[in-house]
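In: just to be clear, the model below is a prediction. Sequence and coordinates:
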Amino acid sequence: MDSFLAVRDRVSKECLLNLNDCVLNVDQLRYIKHRIGNVSMLFTQFSFAQWVGNDCDEDHGAERKIEQLTQQIEVFKPEFTVPTASFVYFCNEENCRMNHWMNTPDSIARLKLKGVNFMYPGDEWDSDSRTFEDMQARERYRADYANLQIDPTPDPVEISQIGQAVEKRLQEMKSKVPTPLLKRIPPFAIYIHDLEKVLEVDPARGNHRIFEGNTQQRQAARYEMCSQVAWFTFAFPWGLNTALSSGMFRDRQFAEKGWKNGWSPFFKWQIRLSTEVFRFTDVKGSLRTINFWWRKKGVKFFQYTGTLRGVGVADE
C-alpha cells in the first residue's frame with residue numbers, strides 16, 4: 001500500500017526515483033524500470049522500521065533490508081543511491097532493544113555497494129559536480145545516535161478503556177468479516193504487564209475478558225505489551241499497524257510459528273480492514289476496491305508475461 005515517486009527532467013534526462021520504504025519484489029522492480037527507464041539517483045530504505053524480534057533480530061529484518069537494497073541497485077543500476085528512509089531510533093523502554101540489531105549508515109558503508117552515498121538533512125547535491133559529502137554526513141549521524149535518550153514506559157491506561165476499545169474492534173470485525181471466516185479465527189491472549197492483567201479475545205464468539213491471571217496464565221499469553229499500546233492497538237482501525245511500526249510488544253509464539261505463518265488471524269484481518277483493499281460492504285466501497293485492483297492490471301500482466309519469457313527488464 002506504500003507509494004513511490006519517480007521524477008524525470010525532460011531536458012537533462014535525469015531521473016530521480018524515491019522508493020522510500022516500499023517493499024517490492026524483483027518483478028515489481030523490473031516493471032517500474034520498464035515504465036521509467038534509466039535512473040540517475042535512487043532514494044530508498046536501508047534498515048527496518050518496525051517490530052523484527054523479541055530479544056534478537058528473529059525476523060531477519062536488518063538482513064532483508066540489505067538484500068532489498070542490493071536488489072534495487074542491481075535492477076535499476078542507478079548512478080547514485082542515497083539511503084534516505086530508516087533513520088529510526090527506538091527510544092522507549094518498550095522497544096529500545098531493537099537498536100542493537102538495526103543497520104546504520106556506517107554498517108551500510110562497510111558493504112561498499114557501488115554508488116551509495118549518505119546525505120544529512122540540509123545537505124545539497126550539485127548535478128554538475130556530482131559529488132557527495134558522505135563521510136561528513138555519516139559522522140553527524142553517528143553523533144546523533146550517541147546522544148539519543150530512552151523514554152520510560154508510557155503512562156498506563158485504565159483497563160476499562162482497553163475493554164471498550166476491544167469491544168469496538170470486535171463489533172467492526174463482526175460487521176465486515178463474513179461469518180464463516182470469522183468463526184475460524186482462534187482466541188488469543190495479551191499480557192498487559194504494567195497493569196498485571198491478562199486480556200483474552202475471542203473473535204469467533206465476539207467477546208473478551210480481562211482478569212488478573214496467575215503466573216502460568218500470564219506466561220502463556222501470546223503477546224506482551226504495556227496498557228497504552230494495548231489500548232491503541234484496538235482503539236483505531238490503524239492501531240495495529242502503528243503498534244507494529246513502534247515495535248512496543250513481544251510475540252512469544254514467534255519463534256514457534258514464524259512471522260508470516262504465526263501472526264494472529266484477527267490481526268491479519270484488522271490490517272486488511274484498515275487498508276480497505278477488500279471492502280465490499282457497500283456500493284461505493286466495492287467500486288473503490290474493484291478500481292484499486294483494476295489499476296494493477298498492467299503490473300500483473302507484465303509479471304505474468306515476464307514469467308513466461310523467463311526474463312525481466314533487468315536481463316534484457
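Out: Yes, it's here.

In: can you show me the CA trace of stretch 45-59 as PDB?
Out: Taking C-alpha atoms only, stretch 45-59 is exported to PDB below (Å, rounded to 0.1, in the frame of the first residue of the first chain):
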ATOM      1  CA  GLN A  45      15.300   2.400   2.700                       C
ATOM      2  CA  PHE A  46      18.300   0.700   4.300                       C
ATOM      3  CA  SER A  47      17.100  -0.700   7.700                       C
ATOM      4  CA  PHE A  48      13.900  -1.900   9.400                       C
ATOM      5  CA  ALA A  49      11.400   0.500  10.900                       C
ATOM      6  CA  GLN A  50       9.100  -1.900  12.800                       C
ATOM      7  CA  TRP A  51       9.000  -5.000  15.000                       C
ATOM      8  CA  VAL A  52      11.600  -7.600  14.000                       C
ATOM      9  CA  GLY A  53      12.000  -9.600  17.100                       C
ATOM     10  CA  ASN A  54      11.600 -10.200  20.800                       C
ATOM     11  CA  ASP A  55      15.200 -10.400  22.100                       C
ATOM     12  CA  CYS A  56      17.100 -10.600  18.800                       C
ATOM     13  CA  ASP A  57      16.500 -10.000  15.100                       C
ATOM     14  CA  GLU A  58      14.300 -13.100  14.800                       C
ATOM     15  CA  ASP A  59      12.600 -11.700  11.700                       C
END
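
In: all helices of this protein, in order?
Out: Ranges of helices within the chain are 26-36, 61-76, 105-109, 134-146, 159-176, 179-182, 215-220, 227-235, 239-246, 254-257, 259-262, 265-275, 283-294, 297-309, based on DSSP state H.

In: who wins for proximity to L195 among those?
Out: For the helices of the chain, the distance to L195 is smallest for helix 227-235, at 5.0 Å, taking CB to CB. To be clear about C-beta, it is placed using only N, CA and C from the backbone, and glycine gets the same treatment.

In: helices or strands up against that closest one?
Out: Other elements packing on helix 227-235 under the criterion 3 or more CB pairs under 8 Å, 6 or more residues apart in numbering; DSSP states H and E are helix 159-176, strand 188-192, helix 239-246.

In: D134: which of those is closest?
Out: Between those, helix 239-246 lies closest to D134; by CB to CB that is 28.2 Å.

In: thinking again about what came up before, adding mean neighbour count, write the helices and strands packed on helix 227-235 out as JSON lines.
Out: Formatted as JSON lines, the helices and strands packed on helix 227-235 follow (neighbours: other CB atoms under 10 Å):
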{"stretch": "helix 159-176", "mean neighbour count": "16"}
{"stretch": "strand 188-192", "mean neighbour count": "22"}
{"stretch": "helix 239-246", "mean neighbour count": "18"}
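
In: comparing the helices of the chain, which yields the minimum mean pLDDT?
Out: Mean pLDDT across the helices of the chain is lowest at helix 259-262; the value there is a mean of 53.

In: coming back round to it: make JSON lines out of the helices and strands packed on helix 227-235 and add distance to Q149.
Out: JSON lines is the format used below for the helices and strands packed on helix 227-235 (distance: least, CB to CB, whole Å):
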{"stretch": "helix 159-176", "distance to Q149": "28"}
{"stretch": "strand 188-192", "distance to Q149": "25"}
{"stretch": "helix 239-246", "distance to Q149": "17"}
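
In: picking up where we left off before, so for V88, which of the helices of the chain sits nearest?
Out: So among those, helix 239-246 is nearest, using CB to CB, at 9.2 Å.

In: and the closest one, how far out from the chain middle?
Out: Centroid separation for helix 239-246 versus its chain: 9 Å, with CA atoms, centre = their mean, to the nearest Å.

In: out of the helices and strands packed on helix 227-235, which gets nearest to E67?
Out: Of all the helices and strands packed on helix 227-235, helix 239-246 sits nearest to E67, with 20.6 Å by CB to CB.

In: now do the closest one: which elements does it pack against?
Out: Judged by 3+ CB pairs under 8 Å, 6+ apart, the packing partners of helix 239-246 are helix 227-235, helix 265-275.

In: need the ones you listed in a markdown table with mean neighbour count and distance to A189, can you?
Out: Output for the helices and strands packed on helix 239-246, formatted as a markdown table (neighbours: other CB atoms under 10 Å; distance: least, CB to CB, whole Å):
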| stretch | mean neighbour count | distance to A189 |
| --- | --- | --- |
| helix 227-235 | 24 | 11 |
| helix 265-275 | 17 | 12 |
